[in-house]
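Participant: Okay, sequence plus prediction incoming.
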Amino acid sequence: MQSAIKLTKYLKPYMVFTIIAPLMMVLEVAMDLLQPTIMKHIIDDGIAKNDTGYVVTMFGLMILCAVLGLIGGVGCSIYATKSAVNFATDIRKDLYETITYFSSRNKDHFTLGKLITNITSDVESLQRALTMLLKIFVRGPLTFIGAIIIVFFTARELFPVLLFVVPILAFSIYFFTKISGKLFLKVQEAIDQVNTKVQENLAGIRVVKAYNRKKHQIEKFTSVNGSLMQRNIKADQIIGILGPLTMFVVNIGIIIALWQGAIKVENGTIQVGVIVAFINYLMMIMGGLMSSSAVLMNIARAIPSANRIVEVLEETLDIKITDNALSTQLKGQVEFDKVSFSYIEENEPVLKEVSFKALPGETIGIIGATGSGKSTIVKLIPRLFDVTKGEIRIDNIPIKQIDLQTLRSAIAFAPQRATLFSKTIDENIKYGKDDASSEEIIEALKSSQAYEFVEKLDAKENHFITQGATNLSGGQKQRLAMARAFVRQPAILILDDTTSAVDSISERKIQKAIREQFKDSTKFIVSSKVSSIRYADQILVLDDGEIVGLGTHDELIKDNKVYQEIVDTQQVKGGMLDE
Ligand SMILES: Nc1ncnc2c1ncn2[C@@H]1O[C@H](COP(=O)(O)OP(=O)(O)OP(=O)(O)O)[C@@H](O)[C@H]1O
């Protein structure tokens with residue numbers, strides 16, 4: 001419930017709608033409550049006394065009430081929807097923004113399936129609960145209480161029937177709502193599981209096919225889907241009993257009212273109109289109780305959603321934003337000062353006391369065995385993670401004091417896994433620079449050796465990349481990801497193993513382009529291939545998170561054992577593999 005209260009801040013901008021909606025509903029309920037009483041007067045004072053004028057006047061009053069009720073109902077719907085939809089849209093937007101600030105460590109706290117459920121069905125469930133709350137929460141109790149009061153004053157002779165019917169109705173509704181609330185919670189958990197399975201299976205569809213695991217995956221999906229079905233059936237069956245049961249109780253109430261009413265009419269204690277009005281009010285009481293329980297049920301279902309939403313919104317971001325951070329033009333001198341880093345605090349550091357200095361314009365090659373920490377070093381520069389110990393400085397300023405936007409704008413980062421978006425090639429490249437001209441895009445494509453294949457495509461730069469870039473080869477994806485980095489003309493260029501799927505001739509052309517076009521940028525090239533970093537100004541040799549060698553290729557080959565070993569394993573007669 002606390003989470004739901006926290007989310008009420010999203011209602012503030014729509015307070016006017018949120019207040020008007022229930023007020024309009026009060027108007028509708030008041031008009032509805034008047035109808036049976038008017039009906040009673042038509043029967044007892046109009047029809048029974050043959051007073052046509054009175055009947056016509058009362059019909060007019062009924063129509064007026066109906067119109068006012070209609071205005072109230074429609075108005076309530078409009079304002080309730082405005083409030084709930086805007087409320088949900090703002091929460092969805094904030095959730096999305098928060099998730100975009102998540103570091104990998106933050107993302108690990110939630111599965112992708114959960115985050116998608118969070119941003120879609122959890123928000124939807126809150127929106128539904130709020131709409132119902134604004135529309136029906138006023139209507140339910142008001143109709144219920146209003147009808148009881150009117151019966152007490154206008155049909156007191158039949159009031160004892162209510163004393164019998166209402167407690168049974170209230171207890172049945174409370175009982176079934178409580179049970180079904182718990183069951184619907186389980187349904188929501190099953191929906192989460194189905195979402196996670198679908199997301200996992202679709203993302204890994206090729207692996208599933210390649211390893212012939214289709215049957216296995218279908219079986220797993222069938223199992224979670226079956227569990228969702230069972231839970232849905234159980235919840236729906238329980239809630240399905242409620243409708244007929246309450247109707248049965250009300251019907252018994254009507255029979256008793258007619259029986260008692262008939263005796264009293266015979267005795268002359270009440271008139272027929274009172275019985276008609278009573279039956280109407282009895283139906284209203286049932287409707288009021290049922291709709292109140294539906295709202296309560298929706299609120300009960302929305303509370304776990306609210307908890308999950310708040311959990312994401314309040315996730316402590318790894319990357320802390322400093323107040324008064326510096327926004328300055330960066331030249332690109334990068335210095336690591338005894339930097340240690342652990343992805344998981346209690347685990348052994350992945351980087352241990354790493355120190356080096358890269359001057360603007362220099363090329364730094366980073367080489368080492370798989371898992372030695374190469375990618376981790378470069379991920380610390382744009383603050384995808386923050387160091388655990390030590391300090392990174394750019395242009396002698398600690399990076400935590402540099403405005404994050406300024407820092408990241410000065411860096412072009414092509415990650416190890418080329419990620420492209422389902423947009424055209426042109427739009428994907430513009431991710432690197434919003435206002436890149438066609439000439440700049442072509443230049444970047446040429447530098448990354450992508451131009452040749454792009455030119456052969458029917459739509460050229462407007463070729464649409466499918467989701468997951470399934471319509472491109474691994475090498476093509478890497479070239480486009482590099483073009484996106486190149487178009488930026490950054491102070492710091494980071495290429496994290498971006499040529500693993502690129503042939504050696506193209507790679508040499510890319511290296512040449514980088515040397516010529518990024519003379520002033522500090523360039524970090526991560527690779528497990530000596531041929532990719534051989535001409536770097538400084539090569540960092542990493543072994544198990546430690547720098548075990550720092551120098552040029554010629555220096556390291558003379559006296560660094562680890563580097564020599566790497567070179568030896570990649571050497572073929574007369575030169576380097578891939579050379
Ligand atoms: N997000 C993460 N969470 C936890 N551990 C991680 C994460 N990313 C990497 N690691 C671990 O950190 C260590 C260094 O990983 P890193 O990716 O920096 O190595 P690498 O030298 O770039 O390897 P490769 O050549 O295979 O790309 C590895 O042991 C890896 O398992």
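Facilitator: That came through fine.
Participant: And the residue nearest the centre of this structure?
Facilitator: The residue lying closest to the centre of the chain (Cα atoms, centre = their mean) is Ile119, at 2.6 Å.
Participant: Tell me which residues touch that residue, please.
Facilitator: By Cβ atoms under 8 Å, 6 or more residues apart in numbering, the contact list for Ile119 reads 92, 95-96, 99. The C-beta positions use only the backbone N, C-alpha and C, and glycine is treated the same way.
Participant: 6 Å instead, please
Facilitator: In this structure, Ile119 makes contact with 92, 95, judged by Cβ atoms under 6 Å, 6 or more residues apart in numbering.
Participant: do Pro349 as well
Facilitator: Neighbour list for Pro349: 340-342 [criterion: Cβ under 6 Å, 6+ apart].
Participant: out of the residues you listed, who has the most neighbours?
Facilitator: Greatest neighbour count in the contacts of Pro349, by other Cβ atoms under 10 Å, goes to Phe341: 21 neighbours.
Participant: how many other residues sit next to the residue lying closest to that one once chain neighbours are set aside?
Facilitator: Excluding the flanking residues, the one nearest Phe341 by Cβ to Cβ, 6 or more residues apart in numbering is Leu351, at 4.3 Å. Counted by other Cβ under 10 Å, the residues lying close to Leu351 total 25.
Participant: Touching, Leu351 and Gly371? I think so.
Facilitator: No: between Leu351 and Gly371 there is no contact, the gap being 11.8 Å when judged by Cβ atoms under 6 Å.
Participant: for the one helix or strand Met58 maps to, packing partners?
Facilitator: Using DSSP states H and E, Met58 sits within helix 52-101. Helix 52-101 is packed against helix 15-41, helix 123-132, with contacts defined by 3 or more Cβ pairs under 6 Å, 6 or more residues apart in numbering; DSSP states H and E.
Participant: swap the cut-off to 7 Å and go again
Facilitator: helix 15-41, helix 123-132, helix 272-313 (3 or more Cβ pairs under 7 Å, 6 or more residues apart in numbering; DSSP states H and E).
Participant: Name the single longest helix found in this structure.
Facilitator: helix 214-267 (DSSP state H).
Participant: for the record, mean pLDDT for that helix?
Facilitator: What helix 214-267 shows for mean pLDDT is 88.
Participant: starting at the chain centroid, how far to it?
Facilitator: Helix 214-267 has its average C-alpha position 33 Å from the chain's average C-alpha position, going by Cα atoms, centre = their mean, to the nearest Å.
Participant: Taking their axis directions, it and helix 272-313 sit at what angle?
Facilitator: 150 degrees (axes from the mean of the first three to the mean of the last three Cα atoms, to 10 degrees).
Participant: how about the residues of the chain near the ligand?
Facilitator: Within the chain, the residues that sit near the ligand (Cβ under 6 Å from any ligand atom) are 104, 343, 350, 368, 370-376, 416, 497, 528.
Participant: make it 8 Å
Facilitator: Within the chain, the positions near the ligand by Cβ under 8 Å from any ligand atom are 104-105, 108, 343-344, 347, 350-351, 368-377, 379, 416, 496-497, 526, 528, 542, 545.
Participant: could you flag which of these are buried?
Facilitator: Neighbour counting by 16 or more other Cβ atoms under 10 Å classes 105, 350-351, 368, 372-377, 379, 416, 496-497, 526, 528, 542, 545 among the residues of the chain next to the ligand as buried.
Participant: Does Gln401 touch Ala325 like I think?
Facilitator: Yes: between Gln401 and Ala325 there is a contact at 6.0 Å, judged by Cβ atoms under 7 Å.
Participant: Those two: who's more crowded?
Facilitator: The residue with more neighbours, out of Gln401 and Ala325, is Ala325; 17 against 13, by other Cβ under 10 Å.
Participant: What separation do you get for that one and Arg393?
Facilitator: Ala325 sits 14 Å away from Arg393, going by Cβ to Cβ, to the nearest Å.
Participant: Kindly report the same for Phe221.
Facilitator: 50 Å.
Participant: re earlier: mind putting the contacts of Pro349 into a markdown table with secondary structure?
Facilitator: As requested, the contacts of Pro349 are exported to a markdown table (DSSP: H, G, I helix; E, B strand; the rest coil):
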| residue | secondary structure |
| --- | --- |
| Ser340 | strand |
| Phe341 | strand |
| Ser342 | coil |
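Participant: I'd like to know which of those residues is nearest to Ala436.
Facilitator: Phe341 (33.3 Å; Cβ to Cβ).
Participant: Contacts only, for that closest one.
Facilitator: By Cβ atoms under 7 Å, 6 or more residues apart in numbering, Phe341 lies in contact with 349-351, 376, 380, 385, 387-388.
Participant: hmm, try it at 8 Å
Facilitator: Phe341 touches 349-351, 376, 380, 385, 387-389, counting by Cβ under 8 Å, 6+ apart.
Participant: Would you check which pair of the residues you listed lies furthest apart?
Facilitator: Most distant of these, by Cβ to Cβ, are Thr376 and Lys389, 13.7 Å apart.
Participant: any idea how far Val123 is from Ile136?
Facilitator: On the measure of Cβ to Cβ, Val123 and Ile136 end up 20 Å apart.
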